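Peer 1: how does the following fold in three dimensions:
(2 chains, ligands or ions: 1)
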Amino acid sequence: MTPMEKLEILTDAAKYDAACTSSGIDRKSGPGGIGNSTACGICHSFAADGRCISLLKVLFSNACIYDCEYCLNRRSNQTRRASFTPRELAELTIGFYRRNYIEGLFLSSGVIKNPDYTCEQLIETLRILREEYRFGGYIHAKAIPGADPLLLSRLGTLADRMSVNIELPSEASLHRLAPEKSRDSILRPMGLISGKIRENSTELVRYRHAPRFSPAGQSTQMIIGATPETDWQILRLTESLYQKYSLKRVFFSAYVPVNSTALLPPSNTKPPLLREHRLYQADWLLRFYGFSARELLDEEHPDFNPLIDPKCNWAIHHMEQFPVEINRAEYEMLLRVPGIGVKSARAILTARRSTALDFGDLKKLGVVLKRAQYFITCRGKALRGLYVTPDTALRNLITEQGRALLPGEQMEQLSFFDTPSLLDAKKAATLLPA
Amino acid sequence: MEKKNLAYRCDGSFHGILCCVYEIYTKKEFPACILTPESPATLYPEKWIETDKAHGERVWRSLPQKLGRQGARMVRDGYWTCVPEKELLLCRFIVKGYRYGPQISEMLADDTVNALRQALKHLYNEAHLFCGFARFSVQGQVMTGVITPKNRVLPLVKEHFCSRYPEEYFLLYDKTHREALMHQPGRGEIIPMEEFIPNAPDEVERNFRRLWKKFYDTVAIRERENPRCRMTHMPKRYWGDMTEFQEEETLVSPSLPPKEGANALPGAAR
Ligand code: SF4
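Peer 2: Numbering: from 1, shown residues only, chains lettered A, B, ... in the order given. Below you'll find the model as predicted:
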């Protein structure tokens, strides 16, 4: 098999993994080596699906002995199989890296022979890169569940980031769709990695040259829409993963029907991209905006409103906390205003030291006034001096966001306004064009 | 300071602009516009500002004290931006900075400060993009690449590429501003260069280009296709110099006359 064919098969097999960031660590290249890393990450291209390409994302092998229902590479599928050799893959990585196609390697694999053997192949690939080529670029390695802890530790000293995919948002779903995996076989390596990372950070305080373990942290991903969990269940799980395992990122991957079996959504199902998008928005609110999952959803409201982003949705339901005065509000409260992000909240703090801000100024600071206007005052005045009810605010916010969301649907948009309450996610969902 | 119906014309260099500041201060006047050798004539009477290194240096040295380190940096980087009437904007910023002191860099609501910040944002953003979008061709020991940025990004990406490829001999050519970042182990510098024509790729290089294109095409998920999103993140003007958007013919042997349209991109990128 030619390298070209292998690359095609093993890229195709890896592409459903959502994580492709190269962020989290700053590093200069070592003597005689090649490659650096930038904490903010660098995108080298964008694929036709609009996703950033930062790393050479491939499987080491797709000849998997497991049979997960949702996966293209399951052993019962009739599909072309291929495996790299460690050296082949290392050379390909360096060749791409020199040409500035990539920031590094994202290496995952189906389980060949057994988890330990698979893990050893990944280790050998990374060893060639790190030791022979003195490669200082970014490496994300997937921990193979079930592999020996010693092997996982070794992998972690070669990689910048490690991840174990949680795959599905509940144990029951996992049991049904990935019979060879269990919650425990996934959480155990995750716990091992987070323990190692913690241990390593205290070691580093004591000996500056202690080998670093997965310095850019740990991430995971789960498939959205293949199983019946609600947004509330997913978000709560996400929150607890951040808390328990100090994960850097949780990725969501809208399920793309690759197999047709009775256990999965029918093969003509569209990937739930909007839902994935809402979850990412909520994830940002957890990580950077000081929100907790329970503030955004609960048992009574288990799903996001498809018509409006989670932060607007929260604000609309908490009108008693608004309006906030831009020239006085605390940073934490500014962050909760729709249309104000982390950057613009910081800019407000800086700019208001030298002058009292008005609405014209806010535009310069990057505030999206169209959204923020219902929730703020500047020097005590609201933008139009209007009294705004939650309902007007909501209607206007929906038009504004709806435009971006539903190209070509502007006219039909108006019909949304006839419904008495758009605050109910379930009702709103029925209004969305399929 | 008196606003005058007068145009300054300087040589457009960094020190030239600083000399305009010097003139503004010694004459206590502020020009209506500042022209460079390339700018067309205006209806204003013109005054030629000679670039005097010593005057320029004096202004430059005063900046960190008067405008603060951040303010001085905004002036220095501001010079690499492509904002229209950059010279006048920089002078305005410096004059304002002399008046308000180091807090100038925090006066985000001020129009002059805001205009400069927006220009810098564009510059930094473009520099960041080119750290990813630049493509090198490898030929034996040497690597070369060509970019067509709007802003002068080479001074900003220099450190990144030199740290990325410490052992390589490479050249990164900025076609827009006709300058090149040259690097050999231990040393990197930016030099003016009228023209740069890359050699035809050899077999190894062609093979890597094909592999990359294959990867690029395969990694996209068909069911999620989203041209608009791709365009927002990576506008068409960048595509011209990127390997993955080259037609197979140009990819394999660029010495052949390119197909109609295939080569329109690099030019259109300007
Ligand atoms: S272990 Fe399951 S998810 Fe992973 S490659 Fe094998 S079949 Fe696919």
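Peer 1: what segments of chain B are helices?
Peer 2: In chain B, the helices defined using DSSP state H lie at B:14-27, B:53-78, B:86-100, B:111-133, B:154-164, B:203-219, B:227-233, B:248-252, B:264-268.
Peer 1: now stretch A:52-69, how far from the chain's geometric center?
Peer 2: With Cα atoms, centre = their mean, to the nearest Å as the basis, the distance from the averaged C-alpha position of stretch A:52-69 to the chain average is 18 Å.
Peer 1: for that stretch, measure first residue to last.
Peer 2: Length of stretch A:52-69, first residue to last, Cα to Cα, to the nearest Å: 27 Å.
Peer 1: next, the buried residues of stretch A:31-38.
Peer 2: A:33, A:34, A:35, A:36, A:37, A:38 (16 or more other Cβ atoms under 10 Å in any protein chain shown). From N, CA and C alone the C-beta is placed, and that goes for glycine too.
Peer 1: could you list which of the residues you listed also contact chain B?
Peer 2: Filtering these for proximity to chain B by Cβ under 8 Å from any Cβ of the partner chain leaves A:33, A:34, A:35, A:36, A:38.
Peer 1: sorry, back to before: ok, the buried residues of stretch A:31-38 vs residue A:2, which is closest?
Peer 2: Nearest to residue A:2 out of these is residue A:34 (Cβ to Cβ; 25.8 Å).
Peer 1: next one: the closest one from residue A:50, what distance?
Peer 2: Going from residue A:34 to residue A:50 by Cβ to Cβ, to the nearest Å gives 30 Å.
Peer 1: please apply the same query to residue A:252.
Peer 2: Distance from residue A:252 to residue A:50, counting by Cβ to Cβ: 15 Å.
Peer 1: same question for residue A:93.
Peer 2: As defined by Cβ to Cβ, residue A:93 lies at a distance of 25 Å from residue A:50.
Peer 1: higher neighbour count, the two?
Peer 2: residue A:93 (27 against 19; other Cβ atoms under 10 Å in any protein chain shown).
Peer 1: need the nearest residue in space to the more buried one, chain neighbours excluded.
Peer 2: With sequence-adjacent residues excluded and distances taken as Cβ to Cβ, 6 or more residues apart in numbering or on different chains, residue A:93 is closest to residue A:105, at 4.9 Å.
Peer 1: identify the residues contacting that neighbour.
Peer 2: The neighbours of residue A:105, taking Cβ atoms under 8 Å, 6 or more residues apart in numbering or on different chains as the test, are A:55, A:56, A:58, A:89, A:93, A:129, A:137, A:138, A:139, A:140.
Peer 1: need the three-state assignment for the second one.
Peer 2: Classification of residue A:56 using DSSP: H, G, I helix; E, B strand; the rest coil returns strand.
Peer 1: where's it relative to residue A:125, distance?
Peer 2: Applying Cβ to Cβ to residue A:56 and residue A:125 gives a distance of 11 Å.
Peer 1: which of the helices or strands spans the residue positioned nearest the centre of chain A?
Peer 2: The centroid of chain A falls nearest to residue A:251 when counting by Cα atoms, centre = their mean (3.1 Å). According to DSSP states H and E, residue A:251 maps onto strand A:249-254.
Peer 1: what angle do the following helix or strand past that strand and strand A:249-254 make?
Peer 2: Beyond strand A:249-254 in the direction of the C-terminus, DSSP H and E gives the next helix or strand as helix A:273-288. Interaxial angle, helix A:273-288 versus strand A:249-254 (axes from the mean of the first three to the mean of the last three Cα atoms, to 10 degrees): 170 degrees.
Peer 1: check which residues of helix A:273-288 are buried.
Peer 2: By 16+ other Cβ under 10 Å, the buried positions in helix A:273-288 come out as A:273-279, A:281-287.
Peer 1: in the very next helix or strand once past that helix, which residues are buried?
Peer 2: Remark: after helix A:273-288, the chain's next helix or strand is helix A:293-296, criterion DSSP H and E. The neighbour-count check on helix A:293-296 (16+ other Cβ under 10 Å) flags A:293, A:296 as buried.
Peer 1: who's in contact with helix A:293-296?
Peer 2: Here helix A:293-296 makes contact (Cβ under 8 Å, 6+ apart) with A:232, A:235, A:236, A:238, A:239, A:282, A:285, A:286, A:304, A:310, A:313, A:314.
Peer 1: give me the neighbour count for residue A:258.
Peer 2: Number of residues near residue A:258 (other Cβ under 10 Å) recorded here: 17.
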